[in-house]
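>>> After the sequence you'll find the predicted model.
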Amino acid sequence: MAGVQISLILIFLFFFILTRIVWVRVIKEEMLRVEIHLPLLAICLYQENKNNEKEKKETDKLSARAYIRIIAGTLSRTKNCELEIKQIALPCKIDSFDTMTLVKPFGYQGLIYSIIAYLKTKAKKLILCDNAIISSPDITKAQYYVTVKLRLFQLIHAALTFRRGLYEEKRARRIKYVGE
């Protein structure tokens, strides 16, 4: 009888944790950091900066279009998430003054705002903090700070969908690369 009660408590605890809201923070400044805040603990993942990074194979490199397709497929499966954009800092390199110096920041911001409009259609709630999108000549790489709130089972489903999309894109690229 005690075994049945313990197993029922464990099953209840498993489903309770699985349906709780978790926060996923993706922060990219000098290095990429992903923080997953669960109900009882937090998991922080860091990307190491390797100076002697090995060259990737040509078949392992994906285009920006492939990454957009993978992320859009993942977002379509997480409809009830809340998204908070705290900062998106884009590099605005100014070497000499010409007509592109005036046009380039507006092009970047137009692209970012169109992505935000797309995210607004996919998310249940979108929060854009004040002065979240900036163009700065002081930075060399894009920086961002984004928080996503969703249920744990949705996070697991989104991670599996993202992984599957990466696998399929790399497989299709390998087949195309071998076929040529």
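Sure, I can see it. Numbers count the residues shown, from 1 in each chain.
>>> C-alpha from now on. contacts and neighbour counts both.
Noted.
>>> Packing partners of the helix or strand containing Thr161?
Counting by DSSP states H and E, the element that carries Thr161 is helix 152-179. Helices and strands touching helix 152-179, by 3 or more CA pairs under 8 Å, 6 or more residues apart in numbering; DSSP states H and E, are helix 2-18, helix 64-75.
>>> if you set the cut-off to 6 Å instead, what comes out?
Here helix 152-179 is seen to pack against helix 64-75 when contacts are counted using 3 or more CA pairs under 6 Å, 6 or more residues apart in numbering; DSSP states H and E.
>>> The helix it packs on packs against which elements?
helix 152-179.
>>> and the angle from the helix it packs on to helix 2-18?
Orientation of helix 152-179 against helix 2-18 (axes from the mean of the first three to the mean of the last three CA atoms, to 10 degrees) gives an angle of 70 degrees.
>>> From Leu166, how far off is Lys120?
Per CA to CA, to the nearest Å, Lys120 is found 24 Å from Leu166.
>>> who has more neighbours, those two?
Higher neighbour count among Lys120 and Leu166: Leu166, with 19 against 15, using other CA atoms under 10 Å.
>>> Next SSE downstream of the helix or strand of the chain with the lowest mean pLDDT?
For the chain, scoring each helix and strand by mean pLDDT, DSSP states H and E identifies helix 99-122 as the least confident one, at a mean of 76. Note on helix 99-122: by DSSP H and E, the next helix or strand toward the C-terminus is strand 125-128.
>>> Report the buried residues of the helix holding Thr161.
Residues of helix 152-179 classed as buried by neighbour count (16 or more other CA atoms under 10 Å): Leu152, Phe153, Gln154, Leu155, Ala158, Thr161, Phe162, Gly165, Leu166, Glu169, Lys170, Arg173.
>>> Ok, stretch 77-89 next?
So, applying 16+ other CA under 10 Å, buried residues of stretch 77-89: Thr78, Lys79, Asn80, Cys81, Glu82, Leu83, Glu84, Ile85, Lys86, Gln87, Ile88, Ala89.
>>> repeat for stretch 25-44
Quick answer for stretch 25-44 (16+ other CA under 10 Å): Arg25, Val26, Ile27, Lys28, Arg33, Val34, Glu35, Ile36, His37, Leu38.
>>> residues in contact with Lys149?
Lys149 is in contact with Val22, Trp23, Cys81, Glu82, counting by CA atoms under 6 Å, 6 or more residues apart in numbering.
>>> quick revisit: kindly reformat the buried residues of stretch 77-89 as TSV containing secondary structure, pLDDT and distance to Tyr108.
Shown next, in TSV, are these (DSSP: H, G, I helix; E, B strand; the rest coil; pLDDT from 0 to 100; distance: CA to CA, whole Å):
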residue	secondary structure	pLDDT	distance to Tyr108
Thr78	coil	77	26
Lys79	coil	77	26
Asn80	coil	81	28
Cys81	coil	87	26
Glu82	strand	91	24
Leu83	strand	90	21
Glu84	strand	92	20
Ile85	strand	90	16
Lys86	strand	93	17
Gln87	strand	91	14
Ile88	strand	86	11
Ala89	strand	85	10
